[in-house]
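1. Sequence plus predicted model, see below.
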Amino acid sequence: MKASAETTALQAEDGQLIAGNPTFHTVSESISRIVEVKTTKAWYVLFGFFSSIALIFVAMIGYLFWEGVGIWGLQIPVAWGWAIVNFVFWVGIGHAGTLISAILFLLRQPWRTSINRFAEAMTIFAVICAGTFPGIHVGRVWVAYYMFPLPNQMSMWPNFRSPLLWDVFAVGTYFTVSLLFWYTGLIPDLATLRDRAKSKIRKAIYGAFALGWRGSHRNWQHYELAYLLLAGLATPLVLSVHSVVSFDFAVSNLPGWHTTIFPPYFVAGAIFSGFAMVMTLALIARKVYNVENFITMRHLENMNKIILVTSLMVGYAYSIELFVAWYSGNPFERFAFWNRATGPYAWAYWTMVTCNVIVPQVFWSRRMRRSIPVMFVVSILVNVGMWFERFVIVVSSLANDFLPSSWHYFKPTIFDVGMLIGSFGLFFTLFLLFLRFLPMIAMAEVKAVLPQANPHYYEPHGNGKEASVKAGSHA
Amino acid sequence: MSEKKGSIVGILAEFENPAALVKAASALRDNGFKDFDCYTPFPVHGMDRAMGLKRSKLGFVVGIMGLLGGSGGLLMQWWMSAVDYPLVISGKPFFSLPAFIPVVFELTVLLSAFGAVFGMWHFNRLPQLHHPVFYSERFSKATDDGFFVAIESTDPQFDVEKNQELFQSLGAVHIELLKEDEEEVKEEAVLEAV
């Protein structure tokens, strides 16, 4: 009892899990209102802007199909260009969503409940953007179904020994499982929206997606187990996905790619960039939609700590890569890494190091960790840095390969740049639709972590009463 | 009352907070009620025991689905690479087990996840868009901040008056009858208590 009272007092001091002592009803009210009020002008403006960019993306994809992959800056030896860079970048972004929703759930970190919904949404949209690139870069898109084990006119099957095929399964599974996980979490909240709906159409649509959820405890029992199992499945899955993505490189024989450190290094980098993206989105969303009580300084500070830790992991990986290249004694390997840091792509390499390793060190300071402008800038720089990391890995290793006569400096075309920007347009278009039509914070989960959700809170000598009295006097 | 009893499918009581609901559920369990259910906006801690529920069997469904996914994935790769169209690729054996593991793993996870989600739907009889509780005006609070318990008319101990008294003694803040169809609910005023 005493320990619990102390913890509560500590939480009150350190920025509560959910600030402002909301009741169950105010939780439903403040989250549901966001999707129930009239669409704001600002939303239309943003939606118009980003969906236009997404349309340009679609148009460029159309032109790509018409003309072929030559519209990109691809040349031999750089036959894998920005499409792969963007693919790895977007898949990586998605990983933070799964980390927050699954791994932090298994680790019993209740602070995740405020951010998991939109982090999961971010995962799904990021994976959609990611999946687009390998889909369109195959050249002959009309035979893209060769990627799947489907009977075809040559009666051949895919090569299951290829990491590129593993990728199809890994990313496909990742997308499906993330979607199921997200939707399962949404069901109780969709039921809340259904029950609050005023118009018939609204009731029908939310009602259909809520599947007739009525909050029955017999249902909650299976539901909770399903959620736990999904979290348990998503955790190894998320680690496997970026490992498999790294196999695309590590299994090949190219110096700079052929390294055993890739799987953990890629996973750490993915979490790093994903948290930065969650941060960027969270900072904007909490301001625009007034959900500062739900996404408190404590959430932001925790995320900044994770960004700092993963930044150190990434920095460690960079230095180990260099060390192993030197220690291997292999001249090609040594050259590949020396060339990264000092060759024609040195500017990209040092951008990467600055953004990913040096900049996040500001988070050692508590004041910086709690400063919103600082974390906003850092979160954007981290994503810039992480895009460059993939660029450095993909392009610099290919451009200067074994035969100097075939060396080639990669230059992006307008279509490379346009498709990268276009994918951001698609991402934000989907995200805006999500903010407009679905509850951005998991209401049922937030209610469950409120102190009054615990039956013991009501006992005359129970933990809750005593603690709340203490916390009250503290305030 | 007796001629109308056929259309009554249950009695619904609302309680003030999760603790009161847990107390009510334990009382129903101790009194030997079987067909009753609690309705809450979030899973209430300790309710499984209060209602006397057995552990969910969902884990078995997920386990079996996972095994199916993994073995099916391995079987598929073996048949496609070693039986139906054997091809020598970089000198590896037709059945290259280590290289087949990633796909086996992904399919295990994929089918397990299907098992978890659709198994949950199955156990919960979802989607089920029609249910008598939805005819209660007040019941929309169950997804907001209401804590309800309903005894269904299929329970051997179902008895409107007795159950109502029981709920009153447990401190229900509101009690009403659940009807089979919407029209009747509208016609009849709800029973008020407390």
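-> Perfect, thanks for sending it. Numbers count the residues shown, from 1 in each chain, chains lettered A, B, ... in the order given.

2. Torsion angles phi and psi at the spatially most central residue of chain A?
-> For chain A, the residue nearest the mean C-alpha position is A:Gly94 (2.7 Å; C-alpha atoms, centre = their mean). When read as degrees, to the nearest 10, the backbone of A:Gly94 gives phi -60, psi -30.

3. Give the residue spans of chain B that score low on pLDDT.
-> Residues of chain B meeting the criterion pLDDT under 70: B:1-6, B:182-194.

4. from the middle of its chain, how far away would the top strand by length along it be?
-> In chain B, with assignment by DSSP state E, the single longest strand is strand B:8-15. How far strand B:8-15 lies from its chain's middle: 18 Å, per C-alpha atoms, centre = their mean, to the nearest Å.

5. try stretch B:105-123
-> Relative to its parent chain, stretch B:105-123 has a centroid offset of 16 Å by C-alpha atoms, centre = their mean.

6. What are the boundaries of the helices in chain B?
-> When secondary structure is read from DSSP state H, chain B shows helices at B:18-30, B:47-51, B:58-78, B:97-124, B:160-169, B:182-187.

7. A:Ile128 and A:Ala102, how far apart?
-> From A:Ile128 across to A:Ala102, the span is 19 Å (C-beta to C-beta, to the nearest Å). Yep, even glycine has a C-beta here, placed from its N, CA and C like the rest.

8. And for A:Pro255?
-> Taken as C-beta to C-beta, the spacing of A:Pro255 relative to A:Ala102 amounts to 35 Å.

9. Kindly report the same for A:Glu389.
-> Counting by C-beta to C-beta - A:Glu389 and A:Ala102 are separated by 24 Å.

10. ok, now A:Pro163?
-> Here A:Pro163 is placed at a distance of 24 Å from A:Ala102 (C-beta to C-beta).

11. Then A:Asn219?
-> The gap separating A:Asn219 from A:Ala102 is 22 Å, by C-beta to C-beta.

12. which of these two has more neighbours?
-> Set side by side, A:Asn219 and A:Ala102 show more neighbours around A:Ala102, with 27 against 24, by other C-beta atoms under 10 Å in any protein chain shown.

13. quick one, what contacts the residue of the stretch 1-150 of chain A found nearest chain B?
-> Here the stretch 1-150 of chain A gets closest to chain B at one residue, A:Phe24, 3.6 Å apart by C-beta to the nearest C-beta. Residues near A:Phe24 by C-beta atoms under 8 Å, 6 or more residues apart in numbering or on different chains: A:Lys447, A:Leu450, A:Gln452, A:Ala453, B:Pro41, B:Asp144, B:Asp145.

14. Apart from its neighbours in sequence, what residue is nearest the spatially most central residue of chain B?
-> Ranked by distance to the mean C-alpha position of chain B (C-alpha atoms, centre = their mean), the top residue is B:Asn124 at 3.5 Å. The shortest distance from B:Asn124 to any residue other than its chain neighbours is 4.3 Å, reached at A:Asn219 (C-beta to C-beta, 6 or more residues apart in numbering or on different chains).

15. Quick one, grab the pLDDT at the one you found.
-> Note on A:Asn219: pLDDT of 94.

16. Return the set of buried residues in the helix or strand containing A:Met279.
-> Assessed by DSSP states H and E, A:Met279 sits inside helix A:262-288. Buried positions in helix A:262-288, judged by neighbour count with 16 or more other C-beta atoms under 10 Å in any protein chain shown: A:262-263, A:265-283, A:285-286.

17. what's the domain layout of chain B?
-> In the domain annotation for chain B, the residue ranges read B:5-55+B:130-187, B:58-124 (automatic domain parsing).

18. so where do the helices sit in the stretch 1-150 of chain A?
-> Read by DSSP state H, counting those that start in this stretch, the stretch 1-150 of chain A holds these helices, from start to end of the chain: A:2-13, A:24-36, A:41-67, A:82-98, A:104-106, A:116-136.

19. right, so of those, which gets closest to B:Asp30?
-> helix A:24-36 (27.4 Å; C-beta to C-beta).

20. From chain A, how far out is B:His45?
-> According to C-beta to the nearest C-beta, to the nearest Å, B:His45 and chain A sit 6 Å apart.

21. Counting neighbours, what do you get for that residue?
-> For B:His45, the count of nearby residues is 15 (other C-beta under 10 Å).

22. and what of A:Asn159?
-> Using other C-beta under 10 Å, A:Asn159 is surrounded by 15 other residues.

23. List the residues that contact it.
-> With contacts defined as C-beta under 8 Å, 6+ apart, A:Asn159 is in contact with A:Leu165, B:Ser81, B:Leu87, B:Ile89.

24. Got the phi and psi for it?
-> Main-chain torsions, A:Asn159, degrees, to the nearest 10: phi -90, psi 100.

25. Please report the distance of it from A:Tyr146.
-> Using C-beta to C-beta, one obtains 10 Å as the distance from A:Asn159 to A:Tyr146.

26. Test my guess that A:Phe175 contacts A:Phe125.
-> No - using C-beta atoms under 8 Å, A:Phe175 is not in contact with A:Phe125; the gap is 10.6 Å.

27. Out of the contacts of A:Asn159, which end up buried?
-> Buried positions within the contacts of A:Asn159, assessed by neighbour count (16+ other C-beta under 10 Å), are A:Leu165, B:Ser81.

28. for the contacts of A:Asn159, which one is nearest A:Tyr206?
-> Using C-beta to C-beta, A:Leu165 is the member of those that lies nearest A:Tyr206, at 39.4 Å.

29. and the closest one, what helix or strand is that in?
-> Counting by DSSP H and E, the element that carries A:Leu165 is helix A:163-196.

30. Now that helix: buried residues?
-> Of the residues in helix A:163-196, those buried under the neighbour-count criterion (16+ other C-beta under 10 Å) are A:163, A:165-182, A:184-196.

31. Identify all contacting residues around stretch B:123-134.
-> Identification of contacts with stretch B:123-134 by C-beta under 8 Å, 6+ apart yields A:207-208, A:211-214, A:216, A:218-219, A:222-223, B:9-10, B:12, B:39, B:56-58, B:120-121, B:139, B:142, B:148, B:150, B:178-180.
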